[in-house]
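Colleague: Sequence first, predicted coordinates after that:
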Amino acid sequence: MDLYLRIDINIAAFMLLSVVFVIAGKNLDRRDRLNAIFLRTSFIVMLELLVEAATCVINKIQGPWWVALLSQILHICLFTAAPIITGSWFLFIYRWMNDLKNKPIAFKHKILIFMPAIINAAAVLLSPVFKFIFYIDQSNTYFRGELFWLSSVLIYGYIPASLILLIRKRKSVISEEFVPLAFLGILPLTGAVFQGVFYGVLLMWSMSAFSLVIVYSFLQKRMVQLDKMTGTWTRSSFDYYILRRIGSVKAEQGFAGGNKDDDSDRTFGVIFIDLDKLKSINDEFGHAEGDAAIRNSALIIKNSVGERDIVARFGGDEFVIVANVNTPGKLDEVLQNISKGFSEYNSRNDIKYKLFFSAGAGIFDPERHEIEQFLHHVDSLMYNAKRAKTDEG
């Protein structure tokens, strides 16, 4: 009974998170970066809950030699995996906050970031002999080692570091993403403190599981609905996103007086794209080929923009891109990348028609524009470009 009372929170957390994990796997778009990190973290936390419970079950059981060996292995896995998870979480926040989603981090920087995990792993692997972090006595009973505190610092230190980085650069994250990111750190950190102070209490991984359950409710709110044909966002998802983003910018202006030192979220680029001569493709080659042209165009656009940029389908052959840039020059670079993508597609594919587009683009500034008028303005620029091509042709 005492054993059950000790691991019951792990069992409950595992069962609850398992249900959420299955539901989330069916409902969430796994290509979305926040959804992907949620699913991966949930799976690993579920494994850690089981491993931690297993260490409690076999603790003090005296039997064949392999029981003690299994206990050693489970504890090694438990202690070595923990900082890898928290370190990976810090790396994710670091890449996101420093806009490194599409850029490799230098190997020496990765080594520096994971140095605490490496030190911890070395201490854990030596613990069965030198009793640094833990040890198992002859009666197969688990004890904390003299350097257990060091392992705790190395494991859990990544969490406050991630929270500090997140808070310092909170303006780089829109509000509906900041809350779940913060929750993923606060609750596990609370559980870690209690587990470190009170010997025998199991809270770190259960609190991590409960935080993930809470986060799922936020992810459902911001759940991206995808266009079935192209895999891009739908117009309703775009409208929801843009209104929330503009709302978070205005809230920042009211709270912080419109700080101009960090405009990573205050200003952004918008591009309207309309495919040229799609009707001709439909008339000459059939609607199935026209649909293929739309799908291929969407794929070209998605592959030409940044990971954090949004691509939405507004109508039959019309797409809208929200580019995380804040100058006309950088927005031109995005347009050039898209044009290059279309040119490369046309040159390497042996098809009877070519894909072309007309575009309008502009930089949104909340101090100068209202979003509805701005979107209408960019849309007009796109149609002017399309009409100019028609007049020329």
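Modeller: Nice, I can see it.
Colleague: What segments of this structure are helices?
Modeller: 2-27, 33-58, 65-97, 107-113, 115-130, 148-156, 158-168, 175-197, 204-221, 235-256, 278-285, 287-304, 328-348, 371-392 (DSSP state H).
Colleague: Nearest approach to residue 136 belongs to which of these?
Modeller: Proximity to residue 136, assessed across these by Cβ to Cβ, is greatest for helix 65-97 (5.3 Å). In this view, the C-beta of every residue, glycine as well, is placed from N, C-alpha and C.
Colleague: by contact count, what packs against that closest one?
Modeller: Applying 3 or more Cβ pairs under 8 Å, 6 or more residues apart in numbering; DSSP states H and E, one finds that helix 65-97 contacts helix 33-58, helix 107-113, helix 115-130, strand 134-136, helix 148-156, helix 158-168, helix 175-197.
Colleague: hang on, the earlier thing: from the helices of the chain, which stretch is densest packed?
Modeller: Each of the helices of the chain was scored by mean neighbour count; the highest is helix 204-221, a mean of 21, by mean count of other Cβ atoms under 10 Å.
Colleague: who's in contact with that one?
Modeller: Applying Cβ atoms under 8 Å, 6 or more residues apart in numbering, the contact partners of helix 204-221 are 9-10, 12-14, 16-17, 20, 23-24, 27-28, 34-35, 38, 41-42, 45-46, 48-49, 52, 82, 156, 176, 179-180, 183-184, 186-188, 190-192, 195.
Colleague: was I right about residue 342 contacting residue 357?
Modeller: Yes: contact criterion Cβ atoms under 8 Å: residue 342 and residue 357 qualify, at 6.6 Å.
Colleague: Overlap in contacts, these two.
Modeller: Shared contacts of residue 342 and residue 357 (Cβ under 8 Å, 6+ apart): residue 297.
Colleague: any weak-confidence spans in the stretch 151-300 of the chain?
Modeller: Across the stretch 151-300 of the chain, the ranges flagged by pLDDT under 70 are 171-177, 221-224, 247-266.
Colleague: 90 instead?
Modeller: Within the stretch 151-300 of the chain, the segments meeting pLDDT under 90 span 152, 155-156, 158-160, 162-205, 207-208, 211-267, 277.
Colleague: which residues sit in contact with residue 9?
Modeller: Counting by Cβ under 8 Å, 6+ apart, residue 9 touches 202-203, 206.
Colleague: Tabulate those residues (a markdown table), appending distance to residue 169.
Modeller: Listed next are the contacts of residue 9 as a markdown table, based on distance: Cβ to Cβ, whole Å:
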| residue | distance to residue 169 |
| --- | --- |
| 202 | 33 |
| 203 | 29 |
| 206 | 30 |
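Colleague: number of nearby residues for residue 233?
Modeller: Using other Cβ atoms under 10 Å, the number of residues around residue 233 comes to 25.
Colleague: which residues sit in contact with it?
Modeller: Residue 233 touches 224-227, 241, 310-313, counting by Cβ under 8 Å, 6+ apart.
Colleague: List buried residues within those.
Modeller: The neighbour-count test (16 or more other Cβ atoms under 10 Å) marks 224, 226-227, 241, 310-313 as buried among the contacts of residue 233.
Colleague: export those residues to TSV and tack on distance to residue 116?
Modeller: Listed next are the buried ones among the contacts of residue 233 as TSV, based on distance: Cβ to Cβ, whole Å:
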residue	distance to residue 116
224	34
226	39
227	43
241	36
310	35
311	38
312	41
313	44
